[in-house]
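**Q** dropping a prediction and its sequence here:
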Amino acid sequence: MTRCASERETGLGLGWTAPDPLPVRVETPRLVLRVYELDDAPALFEAVSSGRDALLPWMVWARDTHRDLAETTHFITSKIMHLREPDKLDNVVLGIFERESGRLAGGTGVHGISRDTASAEAGYWVRGDARGRGYATEAARHVVSWALRPQADGGMGFRRVRIYCSAANAPSRRVIEKLGVRQEVHQREDFFIPGVGVTDRLGWGVMAEEWDCHEHRSRV
């Protein structure tokens, strides 16, 4: 009996569990991707509040979150506490910081963690005044590597990463296309964006064996 067949019968699927310790820092040539600390609250609040118009309409959460420093502090606190419960972990949020200046340039990470398929969805955002420098692509490449790298090598040990965006979100779509991963989904008029309306939903996916975690690029 194969391993997967046995897992399906017991209802456990692939039975992914969070690595211990959890890898919460990734370094790229120009960036540091790491979990937020409480001291980051002012920088995160400033990054969102000063560039809210640039984040909208695609970053829907920017519409009604981080409305004041207290709310941002609560957000960071909740994410820190969430990491203390690995059995309930369904997302890991990382800030994108410039290596040289330490300035907060955006955010990334994984969410929608599925234990039975050992998979997660990757996402990213970059503040308006830091765009045009390739930060989103650089962060996305390394986040995919971090997510798919075996836990023994300091990764999250997922078997699959998925990425979605609206077909109308051309900048985000270009970032994903630069990764060279396979487009798997085109759902017509299945993604509502406030202020834009109903749009097509696009999805991409990459398996661990299809991604080079050292070169941070697709093998296919």
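**A** Looks like it arrived, so ask away.
**Q** low-confidence ranges, the chain, go.
**A** 1-11 (pLDDT under 70).
**Q** how about the strands in it?
**A** For the chain, strands defined by DSSP state E occupy the ranges 25-27, 31-34, 91-98, 104-114, 119-126, 160-166, 182-193, 197-207, 211-212, 217-218.
**Q** which of these sits closest to Phe45?
**A** Of all the strands of the chain, strand 104-114 sits nearest to Phe45, with 9.9 Å by C-beta to C-beta. (C-beta placed from N, C-alpha, C; glycine too.)
**Q** hmm, back to that, need the strands of the chain in a markdown table with mean neighbour count and distance to Thr65, can you?
**A** Formatted as a markdown table, the strands of the chain follow (neighbours: other C-beta atoms under 10 Å; distance: least, C-beta to C-beta, whole Å):
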| stretch | mean neighbour count | distance to Thr65 |
| --- | --- | --- |
| strand 25-27 | 14 | 24 |
| strand 31-34 | 19 | 21 |
| strand 91-98 | 21 | 12 |
| strand 104-114 | 20 | 12 |
| strand 119-126 | 23 | 12 |
| strand 160-166 | 22 | 19 |
| strand 182-193 | 13 | 16 |
| strand 197-207 | 17 | 22 |
| strand 211-212 | 18 | 31 |
| strand 217-218 | 15 | 33 |
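**Q** JSON lines for those strands, including distance to His142?
**A** Formatted as JSON lines, the strands of the chain follow (distance: least, C-beta to C-beta, whole Å):
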{"stretch": "strand 25-27", "distance to His142": "5"}
{"stretch": "strand 31-34", "distance to His142": "7"}
{"stretch": "strand 91-98", "distance to His142": "10"}
{"stretch": "strand 104-114", "distance to His142": "9"}
{"stretch": "strand 119-126", "distance to His142": "10"}
{"stretch": "strand 160-166", "distance to His142": "12"}
{"stretch": "strand 182-193", "distance to His142": "19"}
{"stretch": "strand 197-207", "distance to His142": "14"}
{"stretch": "strand 211-212", "distance to His142": "11"}
{"stretch": "strand 217-218", "distance to His142": "11"}
